[in-house]
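Student: All I have is the shape, not the residue letters:
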């Protein structure tokens, strides 16, 4: 689960016709905090355990988009759109705290929190948009919209140097990708 994410973005586009337009956008997630839970086995002899994982990431999303404007009524223009592109996910590292659960647990055993370095990868991304714009001046529109973006899975964390020297091979962990629901507001400026 990702929490506390905030993003800013910009784009440049072209009106192909009265009803069709296209743009290229770039959005940067300043920060997103990750909280997760893993169930598995720990120690020797193996015993059931649960780990709590904490980390964070930043991301750069670059999309090529196309939109269909559905007409203008009283200065309001509803639209639908779709886009595709790439996202650079930069995991900032992970802290894993383990604890033993279930029968056969040695409750006196203390596990040391494990720090693992983050991984960075480019991933395919697609998006669907819907929204409405409002003409506030001849070349200025307020834009309010919703975007659903799906980011493909990829590497999340790597093994540390000591584990790699002992023979571990990266990546240590992968994520299943992200579905991101965004409510967006911004300005669209036209030059002619």
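Tutor: Perfect, thanks for sending it. Note that this is a predicted model, so its numbers are computed, not measured. Numbering: from 1, shown residues only.

Student: residue contacts, residue 81?
Tutor: Residues near residue 81 by CB atoms under 8 Å, 6 or more residues apart in numbering: 65, 66, 67, 68, 128, 129, 130, 131. C-beta here means a position set from N, CA and C on the backbone, and glycine is covered the same way.

Student: neighbours around the second one, how many?
Tutor: Think residue 66. For residue 66, the count of nearby residues is 16 (other CB atoms under 10 Å).

Student: Also the fourth one?
Tutor: One way to gauge burial is a neighbour count; for residue 68, by other CB under 10 Å, it gives 13.

Student: pLDDT weak spots in the chain?
Tutor: 1-5, 42-45, 102-111, 160-164, 168-171, 192 (pLDDT under 70).

Student: Which parts of it are helices?
Tutor: 161-165 (DSSP state H).

Student: Strands along that one, start to end?
Tutor: Using DSSP state E, the strands of the chain run over 2-15, 20-42, 47-69, 76-100, 114-116, 120-137, 140-151, 154-157, 173-175, 178-189.

Student: so what strands line up beside the third one?
Tutor: By that I understand strand 47-69. According to DSSP bridges, strand 47-69 forms sheet pairs with strand 20-42 (antiparallel), strand 76-100 (antiparallel).

Student: So for residue 186, which of the ones you listed sits nearest?
Tutor: Of all the strands paired with strand 47-69, it is strand 20-42 that lies closest to residue 186, at 10.1 Å by CB to CB.

Student: tell me the angle the closest one makes with strand 178-189.
Tutor: Orientation check (axes from the mean of the first three to the mean of the last three CA atoms, to 10 degrees): strand 20-42 against strand 178-189 gives 150 degrees.

Student: Give the bridge partners for residue 89, please.
Tutor: Under DSSP bridges, the beta-bridge partners of residue 89 are residue 59, residue 121.

Student: Numbering from 426 from now on, please.
Tutor: Yep, numbering from 426; the last one is residue 514 now.

Student: quick one on the thing from earlier: most neighbours, which of the contacts of residue 506?
Tutor: When those are compared by neighbour count (other CB under 10 Å), residue 492 ends up highest, at 24 neighbours.

Student: The residue nearest to that residue when sequence neighbours are not counted and residue 544: what is the separation?
Tutor: Among residues not flanking residue 492 along the chain, residue 506 sits closest, at 3.8 Å (CB to CB, 6 or more residues apart in numbering). For residue 506, the distance to residue 544 equals 31 Å [CB to CB, to the nearest Å].

Student: try residue 578
Tutor: Distance check for residue 578 against residue 544: by CB to CB, it reads 12 Å.

Student: can you check residue 583 too?
Tutor: Separation of residue 583 from residue 544 (CB to CB): 5 Å.

Student: Next: residue 431.
Tutor: On the measure of CB to CB, residue 431 and residue 544 end up 22 Å apart.
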